[in-house]
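**Q** Would you be able to build a 3D model of this:
(one chain, ligands or ions: 1)
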Amino acid sequence: MLDFRLSDEQKMFQQLARDFAQNEIAPAALVLDQKATWEERVPTDLLRQGSALGFRTFALAEENGGTGMSDLLTSCLIAEELGAGDIGTAYYFMLTARRARDWFELRATPEQQAYFLPKFLNDDLYHMTVAAHEPDTDLAYDYLVDTPAEARFRTTAVEQADGSWIINGAKNYQTIGYTAKLLLVMAHTESGPQSFLLESDADGLVRHPMSKIGRRVGDNAEIFFDNVRVPPGRILPPGEPGRHDTGTVGVIAAMSLGLARAAYEEALKFVQERQTGGKVLYRHQATALALADMSTGIEYARLLIWKAAWAKDHPEAQENGMDPRLLELQAAMNVGEVVQKVIVRAMELFGGAGVISGMPIEKFARDSFVQFHVSFPTSNRLRIAESILGFKRGISPLMPL
Ligand SMILES: Cc1cc2nc3c(=O)[nH]c(=O)nc-3n(C[C@H](O)[C@H](O)[C@H](O)COP(=O)(O)OP(=O)(O)OC[C@H]3O[C@@H](n4cnc5c(N)ncnc54)[C@H](O)[C@@H]3O)c2cc1C
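**A** The predicted model follows:
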């Protein structure tokens, strides 16, 4: 039943992303990665170019300024290619593209769509972040037990007489958190958690950049809300019950896959150039084994990502026993491990050159640690176990997504 034949449009997007990634993103990545300040590491020129090519907007319907390619598989194809160029740059496009589709088309009220969509379409540097994680909150992510009824975000939103809301609290680690022009802020109200659409020029919104060991191209932030006012009508409605998430889990997995592929391709070049003992490296059988392991891991990771995306794009797959949500978690967890294993093998093949600063493989190694973290190796495994065991929470976890 699975059918991975790509349409002409999908192949076209894949090629467009590959050309942009290899010709524009990859040559700039190492230089950006080495810049001292976070401002210099934001790939502004590439973001403008990629936006002009449609990488922010492609997942929207044509009448909303996109191309109608809202399926997750197309997004995963693009994500792998951009991720192979530079994972930090890829994040801007992929998170924003999926969120634009989810927020502006599937969830927004007509008024929210009329207000935000033109702003989004008319600004090449308009990106979005989700501010969920908090420094001090137990987000009720305990597994195989019910979420405690008293679990709360510490960030609060209080309704005012005029229908506006005042937010107070703090979030940290947000991807694109410093430059995002729109933030989806999760906060507790009297009646439970809600997602607020907050524009970045709000008074009382304070953002501090956070520097990471890897995926250094781009920005992360910790964010403080000091009596930040959100106008009336800016609560983003939750998705329909039973729907799947925005697709960001799938595209993050696919970007990690792109990173693994880039490391593998770099190693492949190296073993064909470097000579030891009178022959090129790959002619030593032990080194060739590493290539086989790497390529198999990558192929397996891609298969699982595509299968998860395909199942999500084809609701009838569920009638045939496929659970897209479970597949997506498995794909995300698996690629986190694959990317690490591929990098370790690649570093081994590079010998001493693998640990020298400024080599592409060194950057990939640092990037891979961040991608390992965001594959959420513990929590995704526990979610997978919940899914297999059919565990259903009486009270949902806090995310009002
Ligand atoms: C680069 C980066 C980008 C991020 N981007 C965003 C973003 O855009 N938006 C956002 O809202 N957040 C973002 N985050 C936050 C991210 O979601 C959190 O890092 C993640 O949820 C883990 O939380 P923590 O770091 O507080 O770890 P902790 O919760 O402190 O966990 C520490 C360790 O304990 C384990 N652990 C914790 N609870 C349990 C449990 N119940 N059972 C078993 N083991 C447990 C964890 O698995 C981990 O190994 C980002 C983080 C990073 C590093």
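**Q** what stretches of this protein score poorly on pLDDT?
**A** Scanning the chain for pLDDT under 70 picks out the ranges 138-141, 241-245, 399-401.
**Q** what's near enough to touch residue 80?
**A** 254, 255, 257, 258, 261, 302 (CB atoms under 8 Å, 6 or more residues apart in numbering). C-betas here are computed from N, CA, C, even on glycine.
**Q** is stretch 99-109 up against the ligand anywhere?
**A** No - for stretch 99-109, no contact with the ligand is found by CB under 6 Å from any ligand atom; the gap never falls below 10.6 Å.
**Q** Which ChimeraX command selects the buried ones in the contacts of residue 80?
**A** In ChimeraX, a selection of the buried entries from these looks like this (16 or more other CB atoms under 10 Å):
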select :254,255,257,258,261,302
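**Q** Let me have the contacts of residue 80 in TSV, extended by distance to the ligand and secondary structure.
**A** Shown next, in TSV, are those (distance: CB to the nearest ligand atom, whole Å; DSSP: H, G, I helix; E, B strand; the rest coil):
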residue	distance to the ligand	secondary structure
254	17	helix
255	12	helix
257	17	helix
258	17	helix
261	20	helix
302	23	helix
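**Q** Now the two most distant members of the contacts of residue 80.
**A** Greatest spatial distance among the contacts of residue 80 (CB to CB): 255 and 302, at 12.4 Å.
**Q** what residues does the stretch 1-150 of the chain put near the ligand?
**A** Residues of the stretch 1-150 of the chain lying near the ligand by CB under 6 Å from any ligand atom: 129, 130, 131, 132, 133, 141, 142.
**Q** did I read that right, the first one in a strand?
**A** Yes - with DSSP: H, G, I helix; E, B strand; the rest coil as the criterion, residue 129 is part of a strand.
**Q** what residues does stretch 284-301 touch?
**A** 253, 257, 260-261, 264, 267-268, 271, 276-277, 281-282, 331, 334-335, 338-339, 341-342, 345-346, 348-349.
**Q** Only C-alpha atoms, please: export that stretch in CSV.
**A** What follows is stretch 284-301, C-alpha atoms only, in CSV (Å, rounded to 0.1, in the frame of the first residue of the first chain):
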residue,chain,number,x,y,z
HIS,A,284,41.3,-0.7,3.4
GLN,A,285,38.4,-3.0,4.0
ALA,A,286,37.8,-1.9,7.6
THR,A,287,37.1,1.7,6.6
ALA,A,288,34.7,0.5,3.9
LEU,A,289,32.7,-1.2,6.6
ALA,A,290,32.1,2.2,8.2
LEU,A,291,30.6,3.5,5.0
ALA,A,292,28.2,0.6,4.8
ASP,A,293,27.0,1.2,8.3
MET,A,294,26.6,4.9,7.7
SER,A,295,24.6,4.5,4.5
THR,A,296,22.4,1.8,5.9
GLY,A,297,21.6,3.9,9.0
ILE,A,298,20.7,6.9,6.8
GLU,A,299,18.5,4.8,4.4
TYR,A,300,16.7,3.3,7.4
ALA,A,301,16.1,6.7,9.0
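**Q** Dihedrals phi and psi, the nearest residue to residue 273 once chain neighbours are set aside?
**A** Nearest non-adjacent residue to residue 273, counting by CB to CB, 6 or more residues apart in numbering: residue 280, 7.0 Å away. The phi/psi pair for residue 280 (degrees, to the nearest 10) reads phi -70, psi 150.
**Q** What of residue 118?
**A** Per-residue torsions, residue 118: phi -60, psi -40 (degrees, to the nearest 10).
**Q** What separation is there between it and the ligand?
**A** Distance, residue 118 to the ligand, by CB to the nearest ligand atom, to the nearest Å: 25 Å.
**Q** Can you give me the neighbour number for that residue?
**A** The number of residues packed near residue 118 is 11, by other CB atoms under 10 Å.
**Q** And it, how far from residue 68?
**A** Per CB to CB, to the nearest Å, residue 118 is found 19 Å from residue 68.
**Q** same check, this time on residue 389
**A** Distance, residue 389 to residue 68, by CB to CB: 38 Å.
**Q** Tell me which of these two has more neighbours.
**A** Neighbour tally, residue 389 and residue 68, criterion other CB under 10 Å: the higher count belongs to residue 68, 14 against 9.
**Q** so the more buried one touches residue 57, yeah?
**A** No - the pair residue 68 / residue 57 is not scored as a contact, 10.9 Å apart, by CB atoms under 8 Å.
**Q** Just the buried positions in stretch 162-170, please.
**A** For stretch 162-170, a neighbour-count test (16+ other CB under 10 Å) marks 165, 166, 167, 168, 169, 170 as buried.
**Q** From the chain's centre, how far out is the helix or strand hosting residue 79? Work that out for me.
**A** Element membership for residue 79 (DSSP states H and E) is helix 72-85. Relative to its chain's centre, helix 72-85 lies at 11 Å (CA atoms, centre = their mean, to the nearest Å).
**Q** That one: what's the following helix or strand?
**A** By DSSP H and E, the next helix or strand past helix 72-85 is helix 87-99.
**Q** Isn't residue 107 up against residue 238?
**A** Yes - if you go by CB under 8 Å, residue 107 and residue 238 touch, sitting 7.3 Å apart.
**Q** Which one's more surrounded, these two?
**A** Each of residue 107 and residue 238 has its neighbours counted (other CB under 10 Å); residue 107 has more, 19 against 14.
**Q** Contacts only, for the more buried one.
**A** Residues in contact with residue 107, defined by CB under 8 Å, 6+ apart, are 236, 237, 238, 239.
**Q** From residue 12, how far out is it?
**A** Look at residue 107 and residue 12: by CB to CB, they are 29 Å apart.
**Q** likewise residue 44?
**A** Distance, residue 44 to residue 12, by CB to CB: 26 Å.
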